[in-house]
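Q: Return a 3D structure for these sequence lines:
(one chain, ligands or ions: 1)
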Amino acid sequence: MAPSANPIGVFDSGVGGLTVVAALERRLPKESILYLGDTARLPYGSKSATTVRRYTRRNLEFLRKRGVKAAVIACNTASALALSDLESPMPFFGVIEPGAAEAVRSTRGKIGVIATASTIGSDAYARAIHALDSEVEVSSTACPLLVPLVEEGWHDDPVTAEIARRYLEPLLAKGIDTLVLGCTHYPLLKTTLRQVVGEEVTMIDSAETVAAKVAAELARLDLLSSGDNPEFHFCLTDVNNRFRHLAETILDCDDLTTEWVDVL
Ligand code: DGL
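A: Numbers count the residues shown, from 1 in each chain. Take a look at the predicted model:
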């Protein structure tokens, strides 16, 4: 099989990376996807850099051994903490730089970043933004309660809106005009977040921006698939019904099957 016909690997700590799969599917409808959700070790967002780096290296190696032609580290926390240390013979992409670049393109000078505690602690978004434009003001805040609320299926719930408001008020008080959704789960909260931030703030969805980057790079490397029967395969390090339920909502399907895998 020509490398271009091989799947794109996508990995996340859990279900949230499927927002990246959905974005890839919209942009690259001929591509097969091999997804790895490290559900046994979720959450990454509260773990140390050393641990997240170890998990990320193993996950990338798992995808490579399964024959993917390129890999997307959909997890913001893994991208923020581990990307700079990674080595692999295949192309791989993180979500921080594409998100930062889009934020810099859109802003009038004040960017807010919301993400997990580990991503905010790493300062990766602020660094990536300032590498592109040192004049931009960046205000960041960790929102640790939002991931569990999404996992609970409370995307569109007044409780979630109230919690989001508590997190976002300090950023809004600083006059942000652009908000980076720096976590795989947050695109699922767009409707709720829009109610909180109003119409004037541009929201940057890292799922969309990384999909655009992957499309451009695969075209450049002559690795785009021309097949007509793309396949989707979902591997999990812990199989549970909650994943299937949320996955079917995100991908708008009702027959998702998963394979249990051990990457330890
Ligand atoms: N995937 C993580 C991220 O994008 C969120 C979930 C977790 O904490 O593992 O940062």
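
Q: Name the next helix or strand downstream of the lowest-mean-pLDDT helix or strand in the chain, please.
A: When each helix and strand of the chain is scored by mean pLDDT, DSSP states H and E, helix 241-251 comes last, with a mean of 87. Scanning forward in sequence from helix 241-251 by DSSP states H and E, the next helix or strand is strand 258-260.

Q: List the buried residues for that next one?
A: Buried residues in strand 258-260, counted by 16 or more other CB atoms under 10 Å: residue 258. Backbone N, C-alpha and C define where each C-beta goes, glycine included.

Q: Given it, what are its sheet partners and their directions?
A: In the sheet, strand 258-260 lines up against strand 232-236 (parallel) (DSSP bridges).

Q: can you state the direction angle for the partner strand and helix 241-251?
A: 150 degrees (axes from the mean of the first three to the mean of the last three CA atoms, to 10 degrees).

Q: If you count neighbours, what's buried in strand 232-236?
A: Buried, per 16+ other CB under 10 Å, within strand 232-236: 232, 234, 235, 236.

Q: Out of those, flag the one nearest to residue 216.
A: For the buried residues of strand 232-236, the closest approach to residue 216 (CB to CB) belongs to residue 232, at 22.1 Å.

Q: distance of that closest one from residue 122?
A: 31 Å (CB to CB, to the nearest Å).

Q: With residue 164 instead?
A: For residue 164 relative to residue 122 (CB to CB), the value is 22 Å.

Q: what do you get for residue 169?
A: Note on residue 169: its distance to residue 122, by CB to CB, is 24 Å.

Q: what's the answer for residue 233, then?
A: On the measure of CB to CB, residue 233 and residue 122 end up 31 Å apart.

Q: And residue 103, by the same measure?
A: Distance from residue 103 to residue 122, by CB to CB: 16 Å.

Q: Please say which of those two ends up with more neighbours.
A: When residue 103 and residue 122 are compared on other CB atoms under 10 Å, the one with more neighbours turns out to be residue 103, at 28 against 21.

Q: Now for the more buried one: which residues touch it?
A: By CB atoms under 8 Å, 6 or more residues apart in numbering, the contact list for residue 103 reads 111, 129, 178, 180, 204.

Q: near the ligand too, which of those residues?
A: When CB under 6 Å from any ligand atom is applied, no member of those is adjacent to the ligand.

Q: For the closest residue to residue 117 other than its chain neighbours, list each beta-bridge partner.
A: Residue nearest to residue 117 in three dimensions, not counting chain neighbours: residue 142, with 4.1 Å by CB to CB, 6 or more residues apart in numbering. As for beta bridges, residue 142 partners with residue 115 under DSSP bridges.

Q: pretty sure residue 142 contacts residue 115?
A: Yes. With contacts counted by CB atoms under 8 Å, residue 142 reaches residue 115, the gap being 6.6 Å.

Q: And the two? Which one has more around it.
A: residue 115 (30 against 20).

Q: From what I see, that one and residue 144 are in contact.
A: No. Residue 115 lies out of contact with residue 144 (CB under 8 Å); the separation is 9.8 Å.

Q: where do the contact lists of those two overlap?
A: residue 45.

Q: Who are the contact partners of the residue nearest to residue 117?
A: By CB under 8 Å, 6+ apart, the residues touching residue 142 are 114, 115, 116, 117, 119, 120, 121.

Q: if you set the cut-off to 7 Å instead, what comes out?
A: Counting by CB atoms under 7 Å, 6 or more residues apart in numbering, residue 142 touches 115, 116, 117, 120.

Q: State the pLDDT value of it.
A: pLDDT, residue 142: 98.
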